[in-house]
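Chemist: The following block contains a protein sequence and its predicted model.
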Amino acid sequence: NAGVTQTPKFRILKIGQSMTLQCAQDMNHNYMYWYRQDPGMGLKLIYYSVGAGITDKGEVPNGYNVSRSTTEDFPLRLELAAPSQTSVYFCASSHLRGPRGEQYFGPGTRLTVT
Amino acid sequence: QKEVEQNSGPLSVPEGAIASLNCTYSDRGSQSFFWYRQYSGKSPELIMFIYSNGDKEDGRFTAQLNKASQYVSLLIRDSQPSDSATYLCAEQGGGATNKLIFGTGTLLAVQP
């Protein structure tokens, strides 16, 4: 299993551009998450999904959109990029509910908006 | 607003010593707690989870949970330079989403 994969690894965007961060998992996990991590900070939840076709906002959803058309894929869309969106983005997935619902993380996408 | 608090460190310990990492949380309804290790430039990886009061041991790692005091800790015995990383504490509340709230992490530096 490849686990959780993310593309691209790095990206530089100009202010106002848009892009999609890709996330895929091959573990048949129902739950998927997008986090951002700013320097010296913990992870903040942007959006999450509990299954195909079901998504919901996390702590910091403004400026982002998601979709979940399949169990495997959970892309994150940035519209009208702003410097405040410069961050490292992690996608994660988990299988079980409750205390054993360990989240597995992808390698991350480092995004710079200038 | 649910919060998870950690001392940002750095916590510096000599090789072979016990490293003690601490975390407090605000939500009395929190059910489970996770410790993740994150090397610089890498993604978080799970070390342990705990959901019952008391201690849970796994090799050199021991997680401790005290729900009355809303306190969770991670002890690393026989610390090695390879343990040098940021340790993230996360709490999972109830509900059907498995959402985690993360602390800002504690940077551990193990000195050879």
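Modeler: That came in fine, so what should we check first? Since this is a predicted model, take the numbers as computed values, not measurements.

Chemist: Can you pull the poorly scored residue ranges out of chain A?
Modeler: By pLDDT under 70, the weakly predicted segments of chain A are A:97-100.

Chemist: now with 90?
Modeler: A:1-2, A:39-42, A:95-103 (pLDDT under 90).

Chemist: Quick one: name the residues of it near chain B.
Modeler: Chain A comes close to chain B at residues A:31, A:33, A:35, A:40-45, A:48, A:50, A:56, A:58, A:90, A:94, A:96-108, as judged by C-beta under 8 Å from any C-beta of the partner chain. (C-beta placed from N, C-alpha, C; glycine too.)

Chemist: are any of these buried, and which?
Modeler: A:31, A:33, A:35, A:42-45, A:48, A:50, A:58, A:90, A:94, A:99, A:101-108 (16 or more other C-beta atoms under 10 Å in any protein chain shown).

Chemist: Bridged to the residue nearest the centre of chain A, which residues?
Modeler: The residue lying closest to the centre of chain A (C-alpha atoms, centre = their mean) is residue A:34, at 2.8 Å. Note on residue A:34: beta-bridge partners by DSSP bridges are residue A:47, residue A:91.

Chemist: you'd agree it is up against residue A:88?
Modeler: No. The criterion here is C-beta atoms under 8 Å, and residue A:34 misses it with residue A:88 at 11.6 Å.

Chemist: so which strand or helix has residue 41?
Modeler: I'll assume chain A. Per DSSP states H and E, residue A:41 falls between elements, in no helix or strand.

Chemist: That was the other one, I meant chain B.
Modeler: Secondary structure (DSSP H and E) places residue B:41 outside all helices and strands.

Chemist: Could you check how many residues crowd around it?
Modeler: 9 (other C-beta atoms under 10 Å in any protein chain shown).

Chemist: Which pLDDT value does the model give it?
Modeler: On pLDDT, residue B:41 comes in at 92.

Chemist: Could you do the one 10 residues further on as well?
Modeler: Predicted confidence (pLDDT) for residue B:51: 88.

Chemist: Can you report how many residues lie near it?
Modeler: Residue B:51: 17 neighbours (other C-beta under 10 Å).

Chemist: and chain B, which of its residues are near chain A?
Modeler: Counting by C-beta under 8 Å from any C-beta, chain B sits next to chain A at B:4, B:6, B:8, B:31-32, B:34, B:42-46, B:49, B:51, B:88, B:92, B:96-105.

Chemist: go again using 10 Å as the cut-off
Modeler: Applying C-beta under 10 Å from any C-beta of the partner chain, we find that chain B lies next to chain A at B:1-2, B:4, B:6, B:8, B:31-34, B:36, B:38, B:41-46, B:49-52, B:86, B:88-90, B:92, B:94-105, B:107.

Chemist: Show me which of the residues you listed are buried.
Modeler: The buried subset of those - by 16+ other C-beta under 10 Å - is B:4, B:6, B:32-34, B:36, B:38, B:43-44, B:49-51, B:86, B:88-90, B:92, B:97-105, B:107.
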